[in-house]
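Asks: Predicted model, plus sequence, below.
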Amino acid sequence: MLQARSQVRKLQKERSKNADELLKSLQEAALSFTKDATATMTPAEVNEAIGTANEVLETMFPTFTAQHEGAQREIEHAIGVVQGCHDMHGGDESVRLQLAVARAEVANDECQQALDETVANEHEVCAGQEDDPNCLCDEARQAATAETALCAVVSENHQAVYCDNYHSCTSFAECHARETEAYGLLRADIEGAMQTRQQQYRTYMQSNCILNLITAAMTAGTPIPPASLVACSDVDLDDLTLTFPNPPEGPAQCPAGEDCHLDEPPAISGAISHGSMVHIRNQYGPRHYLDTCGHNSCSGAGQFNVVASPSRTRGAGTGTWEMIKTSGSGAISHGDHVHIRNQAGTKNYLDACDHASCGGGYNVIAHLEVNRHNVETGTWEIVRETGEEGPLVHGDVVHLQNQYNDKTWLDACGHASCGGGYEVSTHAVRNRGNHRTGSWEILLVDPYVGCFVDDGSRDLDHGPGGEGGVGYTFATCNAACQGYSFMSLQWGGQCFCGDAYGTASQYAEVPGECTQIRQPCSDASHSCGGAWRNAVYRVSGVSD
């Protein structure tokens, strides 16, 4: 943009020079037609000047109009982007969140007051009955326990609503500051160009006025009055004066947010391949995660809403997605077509279905079928944000283009009724208003689940097991367990597979007990388990 504007300024300087030369030549020609004037140009030179002026003026006046209208559109677009920050987070949305916080605070205070009264009643009723409480004391203690659990839920809801308001407010403030600064820089540049254009216009209008005087003098055979030449300098510039609206005011000071930390993924690395499990994080504002939440009736029962949620692990598998190439296997690259399969419940596919209420494209759901009616509603093209060719890796930011009909782009738009984040739909452009609502970061899911107890009945009861020896690593066990959801390493290198873990109460999680050291597993794996201890991992796709 800056290089383009630099070229425009160079052209404007050249046009200014040409305009000045044209005006000078016409002024000299006009002097030949004033009373008692001594001719400074021959008739041939006058005719040449008039011909040149006519050619130039016929092309320049439409150019001025087009440049003025284009500049006004740029201004309106830039101020519209600022307003977009307010539409997304300010106005009614800001009021809604603040009212929700106020209601949650009242509910929290009332619950705490009720809890204090319930605990005080328990102490009074149970005084002196520590070892042998009567029925009234048991009831009082049960009431206190129930009220404590209720208040914990109310307090958690209050914190969630408070943090929603905090993140929305800070996103609003950041968006407003960023886009207002961009508008200010654009305004300064456009104002400079406008002043140059107005000066050129004034010069050409003077030239046009003088040209008319010369033509009239030649036709009538009368001299040009000096006052008429002076009057040609009076040029009205209103039609080329741009309107610069003032941006709306930014948000008031946001609430403190020390306890409102965003859910950050673990620092891992690796290539994105066919079968990779990933989190997909939107790049707008608080950067929420693609998630399934609540049911959707589009195209039959069994479908789920897709939202952008603050947490990548809001529910079991709801924020985890499997990347599946539409053909072949191996690494997933810029330009590849994929299906994106959610890992919750019935493992539905990301799909475009029916028209959206926000964004102007289609609703996005998780559907049981990979492509409804075989029309590619569940097929998405991977387009790296930078446009760089080659395989994707953990942390790459992409656009996801649905392949149905007019090929719209996955986008976060409007606030969701489920999940505490944004609705997800598709849009005709990659990023609405340049807010990165259509940019998504692909993050590999950390495959390590944790350390769990095992016994002779085996929690994960498939795969090579003990008979396969202790020579397995994460990579080789992962390969052996393709087709299963989970794998485990035990006793330094035994490999087990299964579709679930913790399948019975005895298979409890025991953090810190998978510490067996044995090669080659230990140097090539996060954890290799221990004696009757499973280091459980999610199975990842295998690259060719």
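Replies: Great, that's in hand.
Asks: now for the host helix or strand of Ala146, which elements pack on it?
Replies: Assigned by DSSP states H and E, Ala146 falls within helix 135-220. Secondary structure elements in contact with helix 135-220, counted by 3 or more CB pairs under 8 Å, 6 or more residues apart in numbering; DSSP states H and E, are helix 2-31, helix 43-89, helix 91-125, helix 226-231. Just so you know, the C-beta spots here come from the backbone N, C-alpha and C atoms, and that holds for glycine as well.
Asks: So which bits of the third one are buried?
Replies: For helix 91-125, the neighbour count (16 or more other CB atoms under 10 Å) marks 93-94, 97, 100-101, 104, 107-108, 111, 115, 118-119, 121-122, 125 as buried.
Asks: ok, back up a step: please find the angle between the direction vectors of the helix holding Ala146 and helix 43-89.
Replies: 170 degrees (axes from the mean of the first three to the mean of the last three CA atoms, to 10 degrees).
Asks: wouldn't Pro248 be in contact with Gln83 here?
Replies: Yes: with contact defined as CB atoms under 8 Å, Pro248 reaches Gln83; the gap is 6.5 Å.
Asks: okay, these two: which has more neighbours?
Replies: Gln83 (18 against 14; other CB atoms under 10 Å).
Asks: close enough to count as contact, that one and Pro245?
Replies: No: between Gln83 and Pro245 no contact is recorded; they are 9.4 Å apart, counting by CB under 8 Å.
Asks: Let me know the secondary structure of Phe496.
Replies: strand (DSSP: H, G, I helix; E, B strand; the rest coil).
Asks: And the helices and strands packed on helix 135-220: which comes nearest His462?
Replies: Nearest of these to His462, taken as CB to CB: helix 91-125 at 47.0 Å.
Asks: Could you pull up the mean pLDDT of the closest one?
Replies: The average of the pLDDT scores along helix 91-125 is 89.
Asks: tell me the angle that helix makes with helix 135-220.
Replies: 170 degrees.
Asks: So what's the gap between helix 91-125 and the chain middle?
Replies: Chain-centre distance of helix 91-125: 34 Å, with CA atoms, centre = their mean, to the nearest Å.
Asks: Show me what that helix packs onto, helices and strands only.
Replies: helix 135-220.
Asks: Buried ones in stretch 436-454, by neighbour count?
Replies: So stretch 436-454, judged by 16+ other CB under 10 Å, has buried residues 436-445, 447-449, 451-454.
Asks: from the buried residues of helix 91-125, which is closest to Leu410?
Replies: Of these, the one sitting nearest to Leu410 (CB to CB) turns out to be Glu93, at 21.8 Å.
Asks: How many neighbouring residues does Gly252 have?
Replies: Quick fix: residue 252 is Ala, not Gly. Ala252 has 9 neighbours, counted by other CB under 10 Å.
Asks: For stretch 316-324, list every residue counted as buried.
Replies: Quick answer for stretch 316-324 (16+ other CB under 10 Å): Gly317, Thr318, Gly319, Thr320, Trp321, Glu322, Met323, Ile324.
Asks: Likewise for stretch 389-406?
Replies: Leu392, His394, Gly395, Asp396, Val398, His399, Leu400, Gln401, Asn402, Gln403, Tyr404.
Asks: With stretch 65-82 instead?
Replies: Quick answer for stretch 65-82 (16+ other CB under 10 Å): Gln67, His68, Ala71, Ile75, Ala78, Ile79, Val81, Val82.
Asks: Please identify the one among these that lies nearest to Ser299.
Replies: When the buried residues of stretch 65-82 are compared against Ser299 (criterion: CB to CB), the nearest one is Val81, at 34.9 Å.
Asks: residues contacting the closest one?
Replies: Glu179, Ala182, Tyr183, Gly433, Asn434, His435 (CB atoms under 8 Å, 6 or more residues apart in numbering).
Asks: what about the second one, neighbour count?
Replies: If you count neighbours by other CB under 10 Å, Ala182 ends up with 14.
Asks: wouldn't it be in contact with Ala78 here?
Replies: Yes: proximity of Ala182 to Ala78 meets the contact threshold set by CB under 8 Å, at 6.7 Å.
Asks: what's the most distant pair in the contacts of Val81?
Replies: It's Tyr183 and His435 that sit farthest apart of the contacts of Val81, by CB to CB, at 14.1 Å.
Asks: Any stretches of the stretch 151-300 of the chain with poor pLDDT?
Replies: Within the stretch 151-300 of the chain, the ranges that satisfy pLDDT under 70 run 262-269.
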